[in-house]
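[1] Sharing a sequence plus its predicted fold:
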Amino acid sequence: MSARNRELLALVPASLLLTAGFAAIFIQQSAELSDLSLTYGAGFLALCLCGHFVIRATLPYADPYLFPLVAVLACFGLVVIYRIDETLAREQAQWFIVGLILFAATLVFLRDFRVLERYRYTVAAAGLLLLLLPRVPVLGQQVNGAYLGVDIGPVSFQPAEFGKIAIVVFLAAYLRDTRQLLVQGSRRVLGVTIPPLKHFGPLLVVWGGAMVMLVFIRDLGSSLMFFGGFLALLYVATNRLSFVTVGFGLFALGAWFFANTVGHVQNRIDTWRDPFDPELYEMEGGSYQIAQALFAQADGGLFGTGFGQALIAQPDGSSILPAPQTDLIYAVITNELGLAGACGLLLVYLMIAERGFKIAMLAQDSFSKLLAAGLTAVFALQVFVIVGGVTKVIPLTGVTLPFVSYGGSSIVANFVLFALLLLVSDRARRPARAR
């Protein structure tokens, strides 16, 4: 069976999963099965088929499993958001369509993605501007102490979602040119391999950027995600674990310093260490959110309470589980589907990461290899940051769970990310005579 036919066949279970999810919700809400679930399932399959036919026409050799795995995540998100708020689910469906359109446009108009390498500094400047945009007066939007969103008229979005792609493109292009110099000019100091100072500069610049994000934008999650993605690219480019070790040491040192000197960073650390402290639990912007997330996950047990059974709000409308459609959607999933359902969702993310790194391994040129590895690493780190925050592995941040959390910026930006991965995949898997 051809790759495209495998992709087509794999889209059917994703649509059936969405149909079954909506059927379960309708039964819980009205104790009867509505044929509306079949309508939603057919509509979702039709949209996925549109994306599939664009891939079939433009990228015949691309990875056949990435798009169906994305469809599984999207149907997961639509069902859970609909269970939380029907209006938000309809908006999410609209953003899904916008994301698909931009996905298709990227495949059609960016067939030779290597052109991005020539505009690396322009792309880098655009990425930095996007990251700093939330701190611009009037435009910037503060949520739970962090500057993540931007309001432009009726449109609100999170620039960091698009900034991550721009930064990865720049780093992939830069490391392609300097990776040999980093390796050949390195010296061993006290048993640790140190790159030459003139080429070590970019590491310090990116580290400084991560620290600026930590303090200026007040976003620990994004700073960890961007710097972690850079270290992953650095390791792929140089095959030197010592560079990564030095990078982690720098990040840990900076995080420790700012956690002890900057109030809002210290508050995040305190609420993470002891979310059940009465003082932190009651204070505004304190540990109430993470504490409630832990309660919700514990309530789910092994197999969950069932769709629609999670206690999200009280009868008077007051919140029991804050931001269930965004920051804490993983807690809702764990509550209703249990540890088994949550692990199933994480397995989908792991399979996507595996396919992304396999694309990087198959890529023939250095830029393609680094681009695929960087995009996959940033995507995987984003999942780790939000799931780790909700489960109290790391401090909770406002990063979205890709394709599952409510949010137009996230779903549109990640569709572009996967379009780039498929472009790299098509070139890597293409027979030599067809290149």
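    Perfect, I can see it now. Residues are numbered from 1 along each chain as shown.

[2] can we go C-alpha only for contacts and neighbour counts from here?
    Will do.

[3] Now for Glu117: which residues touch it?
    Val169, Phe170, Ala173, Phe367 (C-alpha atoms under 8 Å, 6 or more residues apart in numbering).

[4] should've said Gln297
    Counting by C-alpha under 8 Å, 6+ apart, Gln297 has contacts Ala331, Val332, Thr334, Asn335, Gly338.

[5] So it belongs to a strand, correct?
    No: using DSSP: H, G, I helix; E, B strand; the rest coil, the assignment for Gln297 is helix, not a strand.

[6] Write the PyMOL selection for whichever of the contacts of Gln297 are buried.
    Of the contacts of Gln297, the buried ones go into a single PyMOL selection, burial set by 16 or more other C-alpha atoms under 10 Å:
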select buried, resi 331+332+334+335+338
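
[7] Now render the contacts of Glu117 as JSON lines, adding distance to Val236, secondary structure and pLDDT.
    Formatted as JSON lines, these follow (distance: C-alpha to C-alpha, whole Å; DSSP: H, G, I helix; E, B strand; the rest coil; pLDDT from 0 to 100):
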{"residue": "Val169", "distance to Val236": "14", "secondary structure": "helix", "pLDDT": "91"}
{"residue": "Phe170", "distance to Val236": "15", "secondary structure": "helix", "pLDDT": "88"}
{"residue": "Ala173", "distance to Val236": "13", "secondary structure": "helix", "pLDDT": "88"}
{"residue": "Phe367", "distance to Val236": "11", "secondary structure": "helix", "pLDDT": "92"}
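
[8] Which pair of those spans the longest distance?
    Phe170 and Phe367 (10.1 Å; C-alpha to C-alpha).

[9] how about the helices of the stretch 101-250 of the chain, start to end?
    115-118, 120-132, 159-184, 197-212, 220-238, 241-261 (DSSP state H, counting those that start in this stretch).

[10] and what of the stretch 301-435 of the chain?
    329-362, 366-390, 408-429.

[11] how about those, which one is nearest Arg120?
    helix 366-390 (11.4 Å).

[12] Out of the helices of the stretch 101-250 of the chain, which is closest to Leu371?
    Going by C-alpha to C-alpha, the one of the helices of the stretch 101-250 of the chain nearest Leu371 is helix 159-184, 5.3 Å.

[13] just for the chain, where's the confidence low?
    31-33, 138-148, 153-155, 181-220, 262-264, 284-285, 315-318, 432-435 (pLDDT under 70).

[14] hang on, the earlier thing: closest one of the contacts of Glu117 to Ile386?
    Among those, and counting by C-alpha to C-alpha, the member closest to Ile386 is Val169, at 23.2 Å.

[15] Tell me the spacing between Ala293 and Val383.
    To Val383, Ala293 is 16 Å away according to C-alpha to C-alpha, to the nearest Å.

[16] Looking at the two, which has the bigger crowd around it?
    Each of Ala293 and Val383 has its neighbours counted (other C-alpha atoms under 10 Å); Ala293 has more, 27 against 20.

[17] give the contact list for the more buried one.
    So Ala293 contacts Leu321, Leu328, Ala331, Val390, Thr391 (C-alpha under 8 Å, 6+ apart).

[18] 6 Å - rerun?
    Ala331 (C-alpha atoms under 6 Å, 6 or more residues apart in numbering).

[19] What helix or strand is it located in?
    Using DSSP states H and E, Ala293 sits in helix 288-300.

[20] for that helix, which positions count as buried?
    Those would be Tyr288, Gln289, Ile290, Ala291, Gln292, Ala293, Leu294, Ala296, Gln297, Ala298, Asp299, Gly300, for helix 288-300 by 16+ other C-alpha under 10 Å.

[21] Columns distance to Val150 on top of these, output as a markdown table?
    Below are the buried residues of helix 288-300 laid out as a markdown table (distance: C-alpha to C-alpha, whole Å):
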| residue | distance to Val150 |
| --- | --- |
| Tyr288 | 25 |
| Gln289 | 23 |
| Ile290 | 25 |
| Ala291 | 28 |
| Gln292 | 28 |
| Ala293 | 27 |
| Leu294 | 30 |
| Ala296 | 30 |
| Gln297 | 31 |
| Ala298 | 35 |
| Asp299 | 35 |
| Gly300 | 35 |
